[in-house]
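Trainee: Below is the sequence, then the predicted model.
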Amino acid sequence: MTIAPQISGIGEVAPSRRSGRTAEQLAVEAIRAALADAGVRPDEVECIVTETSLMPSVAPTDRVAVQAGLNNLRRVYHSSPVGAGILAGLGMAWDAVANGDVEHALTYFAIDWGGNPTGPADYHHKMAAKVVVEEPAGFVGPPLYFAAIAERYRAIHGLSQPSLAEMLREVALSARHNASMHPTAQDRRGLDEAGYDASPFVAEPLRGVDCSLLSDGAGAILVSRGQAPSEGRIVLQGWGYAADAIPDMDFYSQSPWLPDLPAARRAAQEALKAAGVTIDSIDLFQLYDCFSIAVPLQLEAIGRVPPGATLEHIRGGRLRCDGDLPVNTHGGLLSHGYLLGVGHVLEAIQQLRGKAGARQVSHARSAFVGAGPGRQYTALILERQDG
Amino acid sequence: MAEPVVDLESKWAEVLSSGQLQLPFCDECSGVNWYPLPRCGRCGASAFSWRIVPNRGSVHSFTKVHRSFVGGVAAPYVVALIEVESAGGARLPCRGADANETLNVGDQVTLQADTAGDGAFWRFQRST
């Protein structure tokens, strides 16, 4: 008899600036926690899936498997790079169970860019045209890429500079508010409007508090066929992945579409169609917020708010966990920690389990998780099912 | 005459030292091949020619940078993505001359090679 899959366990190594451990150690720790949470033995896990760009060098499946006791693997998959790949890892693990290949499939991601803070810059630096054409001109590093996107957004949608600043401030303050209610968020310090305005510019219009933290940390998620836990089954009701026809290296300078994100639109449409729901029915959103501007770009691309209209939809704290458009209820990359999306997935599951404590979104039954706001994107629709 | 894009670094240094902007275009479909790939993303052909394009363009986007992210570029400075005129939408990241200049998306600019320092690049100047 086939029993539909469910999310059976999650494990997290909470983000910190310096853990004193390697990504590999963090990955193993998160996996062991996920298995303990599910009550599944390591030798029952037959499939692992992980992100394809960073994990092979810092937390490779062979070494991680041995240390976590995963001695009966029959499927090992790599998804796609970074954020979108981390989310797609869950989608692929889900599919491996749903199609009957395996009983238990696990996905993990770990990062040590807190202890090794040149990580994200190094990742982009390795691309030839960036070294030859972009860096000599001073166009280098993700903060500049997203600053330029923000300015383009302002021009395309006819916002004033104060309106753009207000929109970004809303995102940053809501993230910090949500993180302040999370017991293990990396930055829980209070932040008000004056504090935001006092944060120095990194690249206008982005200030320090508009930029992701740098973190060590990890997460793992186990998908299992089997019995439902008493508090409700968490299921991946639908997921989608899309990529635009442009090399990663070219995206931030040459994309014909920015500030639109066509891949995010297509991935969201695919996920919603598979789940059989509309975007307006989703209770909470976890969106890859490497920079504050990334949240409006995604809310608009996935169809939650009309293009250019984010400010009026988020003004007044509506993105907070107690607002009517809850986004990044754990504080996101901006304030919870830079776990490149795996923290977003874990938070969605905690919310649907009803275990989010002070930041619990009341009656949360569905969550949208999206990552990779660039040439590629993965969208997940998670739901809680009772009875 | 068609030439393969084998070494962007040396070709780009040559273009910058000439002071006249050139970009690679597909011999088959005439689309710009920027950043260069071994095959054309539009038609799949693999022969390209570097052609002279105007040292002019318009501001696609920009940012004023307050922190130094690479050695040699002292903040503050303005960097803009310039959409090159008659170049099929190709953009060049270019540095401004004045960090306090007020800039807007759509401004018309001229481009000049700056080869004085360690890394050569294009500077933009507003035309109006």
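Mentor: Everything's here; your move.
Trainee: need the strands for the chain, in chain order.
Mentor: If you meant another chain, say so; for now it's chain A. Per DSSP state E, chain A carries strands over the ranges A:5-16, A:47-50, A:75-78, A:104-112, A:201-203, A:206-207, A:216-225, A:233-243, A:284-287, A:366-371, A:376-385.
Trainee: let's do chain B instead
Mentor: B:22-26, B:48-52, B:56-65, B:77-84, B:91-96, B:108-114, B:121-126.
Trainee: Need these in JSON lines (columns: mean neighbour count).
Mentor: (C-beta placed from N, C-alpha, C; glycine too.) Formatted as JSON lines, these follow (neighbours: other C-beta atoms under 10 Å in any protein chain shown):
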{"stretch": "strand B:22-26", "mean neighbour count": "21"}
{"stretch": "strand B:48-52", "mean neighbour count": "17"}
{"stretch": "strand B:56-65", "mean neighbour count": "24"}
{"stretch": "strand B:77-84", "mean neighbour count": "24"}
{"stretch": "strand B:91-96", "mean neighbour count": "24"}
{"stretch": "strand B:108-114", "mean neighbour count": "18"}
{"stretch": "strand B:121-126", "mean neighbour count": "20"}
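Trainee: now for the ones you listed, which one comes closest to A:A364?
Mentor: Set against A:A364 and scored by C-beta to C-beta, the strands of chain B come closest in strand B:56-65, at 37.0 Å.
Trainee: So which elements touch that closest one?
Mentor: Counting contacts by 3 or more C-beta pairs under 8 Å, 6 or more residues apart in numbering or on different chains; DSSP states H and E, strand B:56-65 packs against helix A:142-157, strand A:201-203, strand B:77-84, strand B:91-96, strand B:108-114.
Trainee: so who does A:P296 touch?
Mentor: Residues near A:P296 by C-beta atoms under 8 Å, 6 or more residues apart in numbering or on different chains: A:Y153, A:M167, A:V171, A:V305, A:T310, A:L311, A:I314.
Trainee: re earlier: to B:S10, which of the helices and strands packed on strand B:56-65 lies closest?
Mentor: So among the helices and strands packed on strand B:56-65, strand B:108-114 is nearest, using C-beta to C-beta, at 15.4 Å.
Trainee: Direction included, what does that closest one pair against?
Mentor: strand B:56-65 (antiparallel), strand B:121-126 (antiparallel) (DSSP bridges).
Trainee: Export those to TSV and append columns for distance to A:R266 and mean pLDDT.
Mentor: Formatted as TSV, these follow (distance: least, C-beta to C-beta, whole Å; pLDDT from 0 to 100):
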stretch	distance to A:R266	mean pLDDT
strand B:56-65	24	98
strand B:121-126	35	96
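Trainee: Could you export these to JSON lines, including columns for distance to A:A245?
Mentor: Shown next, in JSON lines, are those (distance: least, C-beta to C-beta, whole Å):
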{"stretch": "strand B:56-65", "distance to A:A245": "19"}
{"stretch": "strand B:121-126", "distance to A:A245": "27"}
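Trainee: quick one: the spatially most central residue of chain A from A:I111, how far?
Mentor: In chain A, the residue lying closest to the centroid (C-alpha atoms, centre = their mean) is A:G341, at 2.3 Å. Relative to A:I111, A:G341 is positioned 10 Å away (C-beta to C-beta, to the nearest Å).
Trainee: Repeat that for A:G20.
Mentor: For A:G20, the distance to A:I111 - C-beta to C-beta - is 14 Å.
Trainee: again with A:Y77
Mentor: 19 Å.
Trainee: Check A:D187 too.
Mentor: For A:D187, the distance to A:I111 - C-beta to C-beta - is 16 Å.
Trainee: if you count what's nearby, which of the two comes out ahead?
Mentor: Using other C-beta atoms under 10 Å in any protein chain shown, the more surrounded residue of A:D187 and A:I111 is A:I111, with 32 against 19.
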